[in-house]
Structure formats: C-alpha cells, structure tokens
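Asks: Mind folding the following:
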Amino acid sequence: MALYPYLPFSSERLHGYLGYEGSIKSGGWRFLTPQAGQPLSEPQALFKKLDTSIIEEEEARLGQ
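Replies: Numbering: from 1, shown residues only. Model prediction:
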C-alpha cells in the first residue's frame with residue numbers, strides 16, 4: 001500500500017498476485033501479509049524491460 005500513490009497499477013497487480021481480492025484501497029493503510037496457506041496467483045513480471053534504444057533516446061533528451 002505504501003507504493004500505491006507512486007505505482008498504482010503495479011501495486012494493484014501485486015495485490016492480486018498475493019491472492020487478495022478487490023482493490024488495494026479496500027484494505028486501508030494497514031499492513032497486510034498473506035496468511036499461511038493463502039493461494040497465490042501465477043507470478044508475472046510487474047514491469048516491462050525497456051529496449052536499449054528507448055533508454056538511449058531518453059538519455060539524449062535529458063542531455064546525459
């Protein structure tokens with residue numbers, strides 16, 4: 001939940017992977033840990049790897 005304001009979509013996906021239903025907001029600002037035996041979803045990558053050319057373009061735009 002702590003990263004939700006900065007990474008809302010990734011946080012929601014991770015929330016689902018950990019076996020929770022509904023929106024991450026429904027849990028409020030309390031710390032939740034999966035219970036022993038709680039079924040987890042099939043893991044998938046949260047982030048997409050960027051192609052090197054995209055990184056180079058962005059660095060050029062930033063003047064690095």
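Asks: what stretches of this protein score poorly on pLDDT?
Replies: 64 (pLDDT under 70).
Asks: tell me, what residue is most central in it?
Replies: Centroid check for the chain by CA atoms, centre = their mean gives residue 10 as the closest residue, at 2.4 Å.
Asks: That one: which element?
Replies: Applying DSSP states H and E as the criterion places residue 10 in helix 8-17.
Asks: Give me the buried stretch members for that helix, please.
Replies: 11-16 (16 or more other CB atoms under 10 Å). For glycine as for every other residue, the C-beta is placed from the backbone atoms N, C-alpha and C.
Asks: quick one: the residue lying closest to residue 34 once chain neighbours are set aside from residue 52, how far?
Replies: Excluding its sequence neighbours, the residue lying closest to residue 34 (CB to CB, 6 or more residues apart in numbering) is residue 18, at 5.3 Å. Counting by CB to CB, to the nearest Å, the gap from residue 18 to residue 52 is 32 Å.
Asks: Who has more neighbours out of these two?
Replies: residue 18 (16 against 8; other CB atoms under 10 Å).
Asks: any idea how far that one is from residue 56?
Replies: 35 Å.
Asks: ok, now residue 2?
Replies: 32 Å.
Asks: Also residue 13?
Replies: Taking CB to CB, one finds residue 13 at 28 Å from residue 56.
Asks: and what of residue 27?
Replies: 40 Å.
Asks: still on that earlier bit, name the nearest of the buried residues of helix 8-17 relative to residue 63.
Replies: The nearest member of the buried residues of helix 8-17 to residue 63, counting by CB to CB, is residue 11 at 31.7 Å.
Asks: could you list every residue that touches the nearest residue to that closest one once chain neighbours are set aside?
Replies: Among residues not flanking residue 11 along the chain, residue 4 sits closest, at 4.4 Å (CB to CB, 6+ apart). Contacts for residue 4 were tallied using CB atoms under 8 Å, 6 or more residues apart in numbering; they are 11-12, 24-25.
Asks: helix, strand or coil for residue 43?
Replies: The three-state label given to residue 43 by DSSP: H, G, I helix; E, B strand; the rest coil is coil.
Asks: Once you drop chain neighbours, what's closest to it?
Replies: If the residues on either side of it in the chain are set aside, residue 43 comes closest to residue 17, at 5.9 Å by CB to CB, 6+ apart.
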